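**Q** model the following, please.
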Amino acid sequence: MAGPELPRIVRLLVISESPAVFAAIDRLCESFGEDRYVVRRAATSSEALEGDAAFDVILLDLQQLLGGGMSKAEGIVASVSSRGPLIALTGTLDRPTEQSLKRAGAADCLFDEEMNARSLRRAIRTVIATGSAGQKRGLPRLFDPSTGLASQFLFWEILGLAARRAKRNKDFFALLLLEVADLPQEAGDAIGDIVMQVAAERVSHVLRASDTVSRFEHHQLAILVESMPRVEDIQIVAEKIVQELTKPFPLGDLEHRFPVNLGISLFPTSADNADMLIGKAFEALAGAKGRGKGQFAFA
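**A** You can find the predicted model right below:
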């Protein structure tokens, strides 16, 4: 079968810094008619999200991002897929990784061994014919159903807007990534949801109404604290959060204590765009966990 026909012109966005990826794109254009593809290139997802352009297909190179953790990759997929059907490009691909990326909004995934003109064209044809995963499911979820907090998708949008606003106003803000550890895995997601509900309530008591809290992963909260110019103030907020969350969590007739850690990145001293701020916060979180339970660290 010949498969679904491509539109006469395919608007293609390629987000990558890899020469190998762009070599495959060049071969695609040469093999199947250069006039069929209008290719826009972007080095980062932040650069790709500038402006309001929509695309027939987006190719997002995740090889470096997957090294920063799956949640970071999922967040970028969720954010970028709002501009069009997205194909995730990865160095290696296992079933759990593919499932995670598709849940985040990827319409398809390709790995290095499939990186050739024919495989790219086949993936592009399929994605255009079937529509993105997000379109088939409906609009992306904006709020986490168990906590009522902003979803990871919505948080990435808010964080991107905050970074652009801060650049324009020469302002300062902090991103805090909180992780609750030692949740009982054998109890399934229900216990985790209850713990994160309590954690969200306690964190909200510490923050201002203007701050944003998101459920980033099932055991993580992302917190955006804007217009707080002193690092000392951010440290006070972090200390209060850790203090609140070291109190016992009620679970049925018992109370449990779950250690928490915080990683903190600052705009613009740690980074000046959403991607790097998240990455720096994950690095700081790893540093805090390395120092013990109930710790926080700055990037």
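**Q** could you use CA atoms for every contact and neighbour count after this?
**A** OK.
**Q** for the residue lying closest to Ala54 once chain neighbours are set aside, what are its contacts?
**A** Nearest in space to Ala54, with sequence neighbours left out and distances taken as CA to CA, 6 or more residues apart in numbering, is Arg83 at 5.0 Å. Applying CA atoms under 8 Å, 6 or more residues apart in numbering, we find Arg83 in contact with Leu49, Ala53, Ala54, Phe55, Ile58.
**Q** now swap in Glu179 and tell me
**A** His219, Gln220, Leu221, Val260, Asn261, Leu262.
**Q** now the residues you listed as a markdown table including neighbour count and distance to Arg165?
**A** Output for the contacts of Glu179, formatted as a markdown table (neighbours: other CA atoms under 10 Å; distance: CA to CA, whole Å):
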| residue | neighbour count | distance to Arg165 |
| --- | --- | --- |
| His219 | 19 | 29 |
| Gln220 | 20 | 25 |
| Leu221 | 24 | 22 |
| Val260 | 25 | 30 |
| Asn261 | 29 | 28 |
| Leu262 | 31 | 25 |
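**Q** tell me where the stretch 1-150 of the chain has strands.
**A** In the stretch 1-150 of the chain, the strands defined using DSSP state E, counting those that start in this stretch lie at 10-15, 37-42, 57-61, 86-90, 108-111.
**Q** Val14 contacts Leu60, correct?
**A** Yes - between Val14 and Leu60 there is a contact at 6.2 Å, judged by CA atoms under 8 Å.
**Q** of those two, who's got more company?
**A** Higher neighbour count among Val14 and Leu60: Leu60, with 27 against 23, using other CA atoms under 10 Å.
**Q** that one bridge partners, please.
**A** Ile15, Ala88 (DSSP bridges).
**Q** before we move on, what about Arg11?
**A** Counting by DSSP bridges, the residues bridging with Arg11 are Val38.
**Q** most centrally placed residue in this protein?
**A** With distances taken as CA atoms, centre = their mean, Gly75 lies nearest the centre of the chain, 1.4 Å away.
**Q** quick check: next helix or strand after the lowest-mean-pLDDT helix or strand in the chain?
**A** In the chain, no helix or strand scores lower on mean pLDDT, DSSP states H and E than helix 133-137, which sits at a mean of 42. For helix 133-137, the succeeding helix or strand toward the C-terminus, using DSSP states H and E, is helix 152-169.
**Q** could you export that following helix as PDB, CA atoms only?
**A** Taking only C-alpha atoms (Å, rounded to 0.1, in the frame of the first residue of the first chain), the coordinates of helix 152-169 have been written out as PDB:
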ATOM      1  CA  GLN A 152       2.900  19.600  34.400                       C
ATOM      2  CA  PHE A 153       1.800  20.700  30.900                       C
ATOM      3  CA  LEU A 154       0.300  23.900  32.300                       C
ATOM      4  CA  PHE A 155       3.300  24.600  34.600                       C
ATOM      5  CA  TRP A 156       5.700  24.500  31.600                       C
ATOM      6  CA  GLU A 157       3.500  27.100  29.900                       C
ATOM      7  CA  ILE A 158       3.400  29.300  33.000                       C
ATOM      8  CA  LEU A 159       7.200  28.900  33.500                       C
ATOM      9  CA  GLY A 160       7.900  29.900  29.900                       C
ATOM     10  CA  LEU A 161       5.700  33.000  30.300                       C
ATOM     11  CA  ALA A 162       7.400  33.900  33.600                       C
ATOM     12  CA  ALA A 163      10.800  33.700  32.000                       C
ATOM     13  CA  ARG A 164       9.800  35.900  29.100                       C
ATOM     14  CA  ARG A 165       8.200  38.400  31.500                       C
ATOM     15  CA  ALA A 166      11.200  38.400  33.700                       C
ATOM     16  CA  LYS A 167      13.500  39.100  30.800                       C
ATOM     17  CA  ARG A 168      11.400  42.000  29.700                       C
ATOM     18  CA  ASN A 169      11.100  43.500  33.200                       C
END
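**Q** circling back to that earlier point, ok, the residue nearest to Ala54 to Phe143 distance?
**A** Arg83 is 19 Å from Phe143, where distance means CA to CA, to the nearest Å.
**Q** and Tyr37, by the same measure?
**A** 36 Å.
**Q** which SS class is the spatially closest residue to Val213 that is not a sequence neighbour?
**A** Distances taken as CA to CA, 6+ apart place Ile223 nearest to Val213, at 4.5 Å, with adjacent residues excluded. Following DSSP: H, G, I helix; E, B strand; the rest coil, Ile223 is assigned to strand.
**Q** picking up where we left off before, touching, the residue nearest to the centre of the chain and Leu154? I think so.
**A** No - Gly75 sits out of contact with Leu154 when judged by CA under 8 Å, with a separation of 9.4 Å.
**Q** low-confidence ranges in the stretch 151-299 of the chain?
**A** Residue ranges of the stretch 151-299 of the chain with pLDDT under 70: 184-189.
**Q** thanks a lot, see you next time.
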